[in-house]
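Novice: quick one, fold the following:
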Amino acid sequence: MARKKPSTSKRVKAALSHRSRSRRLSAARSATKLGVTLYSYGGDLHQGFMSLEDCIADVADMGGVGIEILGESHVPDYPNPSARWVKQWFGWMEKYHTKPSAYDLFVDTMFYKKRLLTVDEAVEYLLLDFKLAHRLGFKVLRQQWAPYPADNPADQMWAPYVKSTPAMEVIEKALPYAERYDLKMAVELHSPTQLQSPWMDSCLEFIAKTKTKHFGFTPDMSIFTRRPPRHREAQLFRAGARPEIISYIRKAYQNHLGPEKTVAEVTRMKGNAQELRWASIAGVYHFSDNDPKDLLPLLPYSYHIHGKLWEMTDDLREYSIAYEEVVPVLKEGGFQGYISSEYEGSRVPGDASEQIRRHQLMLRRLLGVRNGR
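Specialist: Numbering: from 1, shown residues only. Got it, this is the predicted structure:
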């Protein structure tokens, strides 16, 4: 059945109200900045069509400023690059007039086959990335929520974006290190995140309790997916899915029917394996369609944004995501961090640059800025 959206607790609302109001008052002075995560160039990098410097140069050429990297993928000899490479990194920042915007890291708990990492072990691995991010001049970490089991088994289907005691313990134990290295742990709010949920309440309660400025969020625009990406549906058609059933699943998603009822109906329609998977939480419901207004109380604690894109149309609109509804909320909330374009469409070399350029132009239009600076 469709998931009900619990309201934010009165205690959390009270704790956030003053800070939210103060940020909204400064909305007119908002200085949202634009950048790109180099993850977007995955096809070009992995197939050797572009180097890391080529990607940075491309971002600068389109007017972007912020450079976001994934340590494991983009830093040679991770997590201990040579002093020569670190010097080169800062040389690129100076040469192309760009800045380190966010350092991406994962909280991998599944190193072993028979057990999850303990909380202390997970924090030890986090510390490696903290030190490297600090060394490379980053102030913001796009950090994932530790994928430990949900406290409530019924919420496990929404993992890892669920209330989890050991996952929160990782944040608590890592907080002193974030303070030491002057880093903000900005946990990604990626689909299928529900902005109105016990998990979000627990995060806000932690911020209110600790009054920390070193823990917050990276909203990923996939949480505002109005319709599934067309390239994903095209993949399903090639794998044997039928247009009429995919059309039904798309409408069910847009009507918030929920995975259980959608799977039940596709089963009744004699759906095949591809269609049944797409109807489930592992398929179309891995996306989420939140109300952009629910983002407003989170913006005082949002230090970075992933500007997801799958397909930019010729009229400079993202086919799946309601940017026209989301950007006004960012402006109202006075968001002053980077929006980092994150392309996850075709991995054909050359596609990323064109799509990101369109995305940057769309953002400038919606934000009313001339460039990414």
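Novice: who's in contact with whichever strand or helix holds Q235?
Specialist: According to DSSP states H and E, Q235 maps onto helix 230-238. Residues outside helix 230-238 that contact it (Cβ atoms under 8 Å, 6 or more residues apart in numbering) are 241, 243, 246, 250, 274-275, 278, 310-311, 319-320, 345-346. Glycine gets a C-beta too; all of them are placed from N, C-alpha and C.
Novice: same question for stretch 182-190.
Specialist: 102, 130, 133-134, 138-145, 161, 171, 174-175, 178, 195, 203, 213-220, 222-223, 298, 302-304, 306.
Novice: and with 7 Å instead?
Specialist: 130, 133-134, 139-145, 171, 174, 178, 214-220, 222-223, 303-304, 306 (Cβ atoms under 7 Å, 6 or more residues apart in numbering).
Novice: picking that back up, among the contacts of helix 230-238, name the buried ones.
Specialist: Burial by neighbour count, 16 or more other Cβ atoms under 10 Å: within the contacts of helix 230-238 this picks out A241, I246, Q274, E275, W278, W310, E311, Y319, S320, G345.
Novice: for those residues, which one is nearest M157?
Specialist: Checking the buried ones among the contacts of helix 230-238 against M157 with Cβ to Cβ, the nearest one is W278 at 15.6 Å.
Novice: tell me the pLDDT at the closest one?
Specialist: W278 carries a pLDDT score of 98 in this model.
Novice: can you pull the contacts of it?
Specialist: W278 neighbours (Cβ under 7 Å, 6+ apart): L236, A241, I246, I249, V284.
Novice: so what are the domain limits for the protein?
Specialist: What automatic domain parsing lists as the domains of the chain is 15-225+288-367, 231-286.
Novice: compare those domains and say which comes out lowest on pLDDT.
Specialist: domain 15-225+288-367 has the lowest average pLDDT among those, namely a mean of 93.
Novice: so which of the domains of the chain is the most packed in?
Specialist: The highest mean neighbour count among these, using mean count of other Cβ atoms under 10 Å, belongs to domain 15-225+288-367: a mean of 19.
Novice: any idea how far the residue positioned nearest the centre of the chain lies from P192?
Specialist: Centroid-nearest residue in the chain, with Cα atoms, centre = their mean: D220, separated by 3.2 Å. Going from D220 to P192 by Cβ to Cβ, to the nearest Å gives 11 Å.
Novice: same check on A122?
Specialist: 23 Å.
Novice: next: E354.
Specialist: Distance, E354 to P192, using Cβ to Cβ: 29 Å.
Novice: same deal with F130?
Specialist: Applying Cβ to Cβ, the value for F130 to P192 is 28 Å.
Novice: which SS state does Y103 fall under?
Specialist: Under DSSP: H, G, I helix; E, B strand; the rest coil, the three-state class of Y103 is strand.
Novice: tell me the contacts of it?
Specialist: Contacts of Y103 (Cβ under 7 Å, 6+ apart): I69, G71, A133, L136, F138, L141.
Novice: repeat that for M50.
Specialist: Y41, D44.
Novice: circling back: hmm, which two among the contacts of W278 are most spread apart?
Specialist: Top of the distance list for those (Cβ to Cβ): A241 and V284, 11.5 Å.
Novice: now the strands: where do they sit in this structure?
Specialist: 33-37, 66-70, 99-105, 140-143, 184-189, 215-219, 304-309, 338-343 (DSSP state E).
Novice: can I get these in CSV with distance to L52?
Specialist: Shown next, in CSV, are those (distance: least, Cβ to Cβ, whole Å):
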stretch, distance to L52
strand 33-37, 12
strand 66-70, 8
strand 99-105, 13
strand 140-143, 18
strand 184-189, 22
strand 215-219, 22
strand 304-309, 20
strand 338-343, 16
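Novice: among the contacts of Y103, which one lies nearest to L45?
Specialist: Using Cβ to Cβ, those come closest to L45 at I69, 11.0 Å.
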